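S.K.: Predicted model follows, preceded by the sequence.
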Amino acid sequence: MKCKKIICAALVAAVVLCSGCSLLRKGGGDMLSKRYANYIKSTLDCSFFGETEEYLKWVDATEAEAQKTYQDTVEGYASLIMYHFEVKESTISEETIAAFQEKAKTYMKEASYSVADAVKNSDNDYSVTVTVKPIDLMASVSYQPIVDWFNETYSQETLDAMSDEEYAVVEEEYAKKILALLDGYTVSYADEVKCTVTILVNESDNTYSVSDADWSSLDENVLGIELD
């Protein structure tokens, strides 16, 4: 659908960036409280930083699978950035999508969190508390001037009269203006406020897992996004 731009009040997307359920390796002499904390931290480090060495000690995965976890996070975060700034990923060029993915990598490198030792809840589950400083990209960068430019330049009648090829050119132009806007953004954190997220690690049939809802909560807080 060809349409004018409207500032989004909230980001809504069914995307989980970090890994979901995983098989945790049972080796090593660490106490369970540290083992579960290491599981969570190594998964975050793999997802946000592409660091796989520790992740592979705790998760039953290959190097290729670990790299895919990182790449999936990059692509997912880039898609959320595009969605927030009303860039139509399905319309713009692969080159421009790749540029947004490079932005995502840059911001992800600044993810700030610390993981405490796990606390036992029962024989089958532990709670792990993660303290994070949310990145404030989506809350602090205003793109209203670009939306105003787009809407003043292209009326709905003009957009409706465009061919798909013509409309793709317009969306590409809009996307590049958003990229130029993001060039001026330096990662900062939401008023330097720290928040805590409690993650439940559950054991069942020799598999240790974290729910998608808990991973989503971490994503939202670390990256300053809103998932639904």
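M.R.: Cool, got the structure.
S.K.: Quick check: what element follows the worst-scoring helix or strand of the chain on mean pLDDT along the chain?
M.R.: Within the chain, no helix or strand scores below strand 207-209, which has a mean of 78 by mean pLDDT, DSSP states H and E. Sequence order places helix 212-223 as the next helix or strand after strand 207-209, per DSSP states H and E.
S.K.: for stretch 49-68, how far is the first residue from the last?
M.R.: Stretch 49-68 has an end-to-end distance of 12 Å (criterion: Cα to Cα, to the nearest Å).
S.K.: ok, now which ones touch the residue nearest the centre of the chain?
M.R.: Taking Cα atoms, centre = their mean, the centroid of the chain lies closest to Y77, which sits 3.7 Å from it. By Cβ atoms under 8 Å, 6 or more residues apart in numbering, the residues touching Y77 are L17, A104, Y107, M108, L223, I225. Every C-beta, even on glycine, is put in place using the N, C-alpha and C of the backbone.
S.K.: Let me see the backbone angles for G184.
M.R.: Note on G184: backbone dihedrals following degrees, to the nearest 10 are phi -90, psi 0.
S.K.: Give me the number of neighbouring residues for it.
M.R.: By the measure other Cβ atoms under 10 Å, the count of residues near G184 is 7.
S.K.: Also Y70?
M.R.: Other residues lying near Y70 total 20 when counted by other Cβ under 10 Å.
S.K.: Not counting its neighbours along the chain, what's nearest it?
M.R.: Once flanking residues are discounted, Y70 sits nearest to G50: 4.1 Å by Cβ to Cβ, 6 or more residues apart in numbering.
S.K.: on that earlier part again, let's see which of the contacts of Y77 end up in strands.
M.R.: Among the contacts of Y77, no member falls in strands (DSSP state E).
S.K.: re earlier: isn't there a helix covering the residue nearest to the centre of the chain?
M.R.: Yes: the assignment for Y77 is a helix, going by DSSP: H, G, I helix; E, B strand; the rest coil.
S.K.: Relative to T158, how far out is it?
M.R.: Y77 sits 33 Å away from T158, taking Cβ to Cβ, to the nearest Å as the criterion.
S.K.: coming back round to it: what separates the residue nearest to the centre of the chain from S42, distance-wise?
M.R.: Y77 sits 19 Å away from S42, going by Cβ to Cβ.
S.K.: same deal with Y126?
M.R.: Y126 sits at a distance of 15 Å from S42 (criterion: Cβ to Cβ).
S.K.: Wait, the residue nearest to Y70 touches E63, no?
M.R.: No: G50 is beyond contact range of E63, at 11.4 Å (criterion: Cβ atoms under 8 Å).
S.K.: Looking at the two, which one has more neighbours?
M.R.: Higher neighbour count among G50 and E63: G50, with 18 against 11, using other Cβ under 10 Å.
S.K.: Phi, psi for the more buried one please.
M.R.: Dihedral angles of G50 (phi, psi; degrees, to the nearest 10) stand at phi 70, psi 20.
S.K.: Let me know the pLDDT of it.
M.R.: G50 is assigned 96 on the pLDDT scale.
S.K.: for the one 5 residues further on, same thing?
M.R.: Reported pLDDT at Y55 in the predicted model: 92.
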